[in-house]
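A.B. asks: task: produce atomic coordinates for the following.
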Amino acid sequence: MRYRTRVTAPAAALIGTAAALTAAPSAHAASTTGTSAAKTSAKTSGTPGSETLGDSVYPALGNDGYRVAAYHLDFSYDATTRLVDATAALKIRTTQALSRFSLDALGLDVRSVRVGGRTATFEQVGEKLRITPAQTLPAKCSVTVCVEYSADPRRIPQPHTGWVDTLDGFAVCCQPNLAHTVFPCNDHPSDKADFTFRVTVPGGLRGVATGLLERTESLSGGRTAYTYRSREPMATELVQITVGDYVIKDRQGPHGLPLRDVVPVARAEALEPALALTPNLVEWLEARLGAYPFETYGLLPCNSDAPNAFDFTGLESQTLTIYKPNYLLQAEPKIGSHMMHELVHSYFGNSVSPATWADLWINEGHADFYGLLYRYERGWPDSLGLTTMEARMKHTYAQGDQWRRDSGPVAAPNAVNLFDSQRYLGGVLVLYALRNLVGESAFNALERAFLDRYRNSAASTADYIAVASEVSGQDLSGFLRDWLYGTKTPRMPGHPDWTVTPVNPSLAAPHSRKSGHHDNSATL
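C.D. replies: Numbering: from 1, shown residues only. Predicted coordinates:
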């Protein structure tokens with residue numbers, strides 16, 4: 001029962017709305033209908049929505065004046081031109097009266113916009129799609145916004161796009177701020193929404209997206225349309241849509257959890273040893289963090305080995321983790337810890353999203369924390385040759401002041417150093433210190449309480465501190481703020497003998513790997 005999924009009435013209604021709107025005539029822009037007086041009144045009764053949500057790391061990201069309840073993305077892939085023709089239908093709810101509002105969008109050829117079934121004027125300015133509806137939208141109203149557009153997955157080179165061009169199609173990698181290069185959206189993790197996907201492909205290819213397959217349609221010309229739905233709400237950065245010569249490999253996880261891997265047909269046999277590791281990974285993690293929070297899980301070894309295809313080894317998207325396939329061809333001790341890291345993101349980062357990108361340490365610190373625990377329990381040496389968490393934390397602790405100088409405090413990143421090791425191992429060090437202070441039992445309890453309280457929503461660093469204090473029965477605000485925001489590394493509970501190496505002002509930041517800003521995980 002826990003893993004069953006169904007189409008709810010709102011999701012089904014949105015699919016129908018999207019289909020109806022897609023069939024309507026398109027236009028680049030149109031004036032509103034009605035008398036001049038009516039138009040003047042409509043335009044003056046509301047105000048434009050803000051084009052930012054005020055994120056401290058990405059201040060231009062996101063839009064205000066509304067929240068998105070649901071997306072329906074309809075993608076059609078042409079294997080000859082390698083272009084994507086798409087419709088994005090967004091069901092939004094306004095939080096103020098809007099004379100104009102915006103979506104995040106970049107590199108998309110927008111053909112038309114309709115709001116509530118009526119043609120709206122629009123303009124693309126920088127990374128915003130500004131939309132002026134035919135009449136002002138009142139506060140607290142629900143309306144469907146339909147954007148018709150096309151995209152070329154090859155147009156913008158990595159790392160400035162969420163598209164990944166592959167041998168036989170594409171995949172998408174939207175984290176942290178690239179979903180709006182794939183579809184128009186409110187591109188911020190705090191605005192989670194329901195998602196459905198319809199992916200139409202020519203014969204010989206398969207379309208796959210986040211969530212579970214709802215239906216398959218055979219269309220004219222040998223084309224096939226696959227419709228997927230994500231059962232739980234999702235942040236835009238966690239969307240996955242892929243097209244290619246794939247086979248779906250199904251297996252069963254703990255408690256009947258359906259696992260599905262999306263695997264290049266030509267490499268399915270070679271990748272099977274890595275794919276077969278997932279059930280045991282899920283079982284180990286459920287024993288620590290509780291029931292897996294989504295309807296399915298699996299891996300997508302993307303059908304590209306190009307070194308510049310994407311700048312990471314593995315990246316979480318909701319229910320489906322994308323990997324470079326060659327990485328997964330290694331033996332279990334080389335990949336098991338990082339596979340655990342990515343699985344942990346289903347809990348920290350996906351089920352509970354960061355309220356702002358400054359809260360990234362919650363995602364990456366927890367993913368590395370449990371990934372390293374898994375490694376050391378199995379006796380696999382890490383990249384430094386260390387075999388215990390205590391040894392790795394002592395090594396990390398010594399670098400604490402240097403990292404704070406080079407990358408800022410753990411919970412105070414900027415856009416340049418967001419994915420430095422400080423958010424990964426620095427976050428692990430904070431969790432290790434917290435566990436040492438409150439004890440393992442209280443630590444395990446507060447971890448589960450945090451996940452339960454903020455499931456399917458977003459949480460901030462302040463939220464984590466509050467839950468930790470409440471569950472542990474002691475005020476941890478000063479302790480955790482020193483660890484998360486201090487410019488000096490605090491004393492480590494339980495290890496008064498540990499020392500911090502003095503800062504070397506001339507030292508570069510060796511902890512930031514040049515291979516890619518997502519690849520600073522200690523589990524690699």
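
A.B. asks: all helices for this protein, in order.
C.D. replies: Along the chain, counting by DSSP state H, helices occupy 9-22, 36-44, 268-275, 278-289, 332-344, 360-377, 389-398, 400-407, 421-438, 440-453, 461-472, 477-485.

A.B. asks: adding distance to residue 204 and mean pLDDT as columns, could you present those in JSON lines?
C.D. replies: C-beta here means a position set from N, CA and C on the backbone, and glycine is covered the same way. Shown next, in JSON lines, are those (distance: least, Cβ to Cβ, whole Å; pLDDT from 0 to 100):
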{"stretch": "helix 9-22", "distance to residue 204": "25", "mean pLDDT": "38"}
{"stretch": "helix 36-44", "distance to residue 204": "50", "mean pLDDT": "47"}
{"stretch": "helix 268-275", "distance to residue 204": "16", "mean pLDDT": "98"}
{"stretch": "helix 278-289", "distance to residue 204": "27", "mean pLDDT": "98"}
{"stretch": "helix 332-344", "distance to residue 204": "29", "mean pLDDT": "98"}
{"stretch": "helix 360-377", "distance to residue 204": "36", "mean pLDDT": "98"}
{"stretch": "helix 389-398", "distance to residue 204": "47", "mean pLDDT": "98"}
{"stretch": "helix 400-407", "distance to residue 204": "47", "mean pLDDT": "97"}
{"stretch": "helix 421-438", "distance to residue 204": "40", "mean pLDDT": "98"}
{"stretch": "helix 440-453", "distance to residue 204": "42", "mean pLDDT": "98"}
{"stretch": "helix 461-472", "distance to residue 204": "47", "mean pLDDT": "98"}
{"stretch": "helix 477-485", "distance to residue 204": "51", "mean pLDDT": "98"}
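
A.B. asks: poorly predicted segments of this protein, please.
C.D. replies: 1-44, 157-158, 508-517 (pLDDT under 70).

A.B. asks: 90 instead, please
C.D. replies: For the chain, applying pLDDT under 90 flags the ranges 1-45, 154-160, 167, 303-312, 506-519.

A.B. asks: picking up where we left off before, closest one to residue 307 among the helices of the chain?
C.D. replies: helix 332-344 (18.2 Å; Cβ to Cβ).

A.B. asks: what's the angle between the closest one and helix 421-438?
C.D. replies: Helix 332-344 runs at 80 degrees relative to helix 421-438, counting by axes from the mean of the first three to the mean of the last three Cα atoms, to 10 degrees.

A.B. asks: for helix 332-344, packing partners?
C.D. replies: helix 268-275, helix 278-289, strand 314-317, helix 360-377 (3 or more Cβ pairs under 8 Å, 6 or more residues apart in numbering; DSSP states H and E).

A.B. asks: so what touches it?
C.D. replies: Under the contact criterion Cβ atoms under 8 Å, 6 or more residues apart in numbering, helix 332-344 has outside partners 273-274, 277-278, 281-282, 284-285, 289, 297, 313-316, 321, 327-328, 366-372, 374-375, 378, 380, 382, 521, 523-524.

A.B. asks: thinking again about what came up before, could I get the helices and strands packed on helix 332-344 as TSV with distance to residue 465 and mean neighbour count?
C.D. replies: Below are the helices and strands packed on helix 332-344 laid out as TSV (distance: least, Cβ to Cβ, whole Å; neighbours: other Cβ atoms under 10 Å):
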stretch	distance to residue 465	mean neighbour count
helix 268-275	37	16
helix 278-289	19	17
strand 314-317	24	25
helix 360-377	11	25
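
A.B. asks: reformat those as a markdown table; add distance to residue 230.
C.D. replies: Converted to a markdown table, these look like this (distance: least, Cβ to Cβ, whole Å):
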| stretch | distance to residue 230 |
| --- | --- |
| helix 268-275 | 21 |
| helix 278-289 | 18 |
| strand 314-317 | 10 |
| helix 360-377 | 19 |
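
A.B. asks: let me know which of these is the nearest to residue 109.
C.D. replies: Residue 109 lies closest, by Cβ to Cβ, to one member of those: strand 314-317, at 24.5 Å.

A.B. asks: export the closest one as PDB, just CAs?
C.D. replies: C-alpha atoms of strand 314-317 as PDB (Å, rounded to 0.1, in the frame of the first residue of the first chain):
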ATOM      1  CA  GLY A 314      26.100  10.900 -10.600                       C
ATOM      2  CA  LEU A 315      23.200  13.300 -10.000                       C
ATOM      3  CA  GLU A 316      20.000  12.800  -8.100                       C
ATOM      4  CA  SER A 317      16.600  13.500  -9.800                       C
END
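
A.B. asks: so how far is it from its chain's centroid?
C.D. replies: Computed by Cα atoms, centre = their mean, to the nearest Å, the chain-centroid distance of strand 314-317 equals 8 Å.

A.B. asks: for stretch 390-409, same thing?
C.D. replies: Using Cα atoms, centre = their mean, the offset of stretch 390-409 from its chain centre is 27 Å.

A.B. asks: measure that stretch end to end?
C.D. replies: Taking Cα to Cα, to the nearest Å, stretch 390-409 runs 22 Å from one end to the other.

A.B. asks: name the residues that touch that stretch?
C.D. replies: 372, 376, 382, 384, 386, 413-414, 417, 420-423, 425-426, 428-429, 432, 484-489, 492, 495, 498-505, 507, 509, 511-512, 522.

A.B. asks: switch the cut-off to 6 Å
C.D. replies: 386, 417, 420, 422, 425-426, 429, 432, 485, 487, 489, 492, 498, 500-501, 503, 509 (Cβ atoms under 6 Å, 6 or more residues apart in numbering).

A.B. asks: out of the helices and strands packed on helix 332-344, the one nearest residue 171 is which?
C.D. replies: Here strand 314-317 is closest among the helices and strands packed on helix 332-344 (Cβ to Cβ), at 9.2 Å.

A.B. asks: parallel or antiparallel, list what pairs with the closest one.
C.D. replies: In the sheet, strand 314-317 lines up against strand 320-323 (antiparallel) (DSSP bridges).

A.B. asks: save the helices of the chain as CSV, and put in distance to residue 119 too.
C.D. replies: Converted to CSV, the helices of the chain look like this (distance: least, Cβ to Cβ, whole Å):
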stretch, distance to residue 119
helix 9-22, 11
helix 36-44, 14
helix 268-275, 47
helix 278-289, 47
helix 332-344, 43
helix 360-377, 40
helix 389-398, 57
helix 400-407, 48
helix 421-438, 44
helix 440-453, 43
helix 461-472, 42
helix 477-485, 49
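
A.B. asks: if we can go back for a sec, to residue 117, which of the helices and strands packed on helix 332-344 lies closest?
C.D. replies: The nearest among the helices and strands packed on helix 332-344, by Cβ to Cβ, is strand 314-317 at 31.6 Å.

A.B. asks: show me what contacts residue 116?
C.D. replies: Counted by Cβ under 6 Å, 6+ apart, residue 116 has contacts residue 143.

A.B. asks: how much space separates it from residue 362?
C.D. replies: 38 Å (Cβ to Cβ, to the nearest Å).

A.B. asks: now do the contacts for the residue nearest in space to the middle of the chain.
C.D. replies: What sits nearest the mean C-alpha location of the chain, by Cα atoms, centre = their mean, is residue 238, with 2.8 Å. Residues counted as contacts of residue 238 (Cβ under 6 Å, 6+ apart) are 317, 318, 350.

A.B. asks: please repeat the previous calculation with a cut-off of 8 Å.
C.D. replies: Neighbouring residues of residue 238 by Cβ under 8 Å, 6+ apart: 174, 175, 210, 316, 317, 318, 350, 353.

A.B. asks: same check, this time on residue 163
C.D. replies: 151, 153, 154, 155, 156, 170, 172, 181, 182.

A.B. asks: circling back to that earlier point, among the contacts of stretch 390-409, the buried ones, what's the PyMOL command?
C.D. replies: Filtering these down to the buried ones (16 or more other Cβ atoms under 10 Å) takes a single PyMOL command:
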select buried, resi 386+417+420+422+425+426+429+432+489+492+500+503
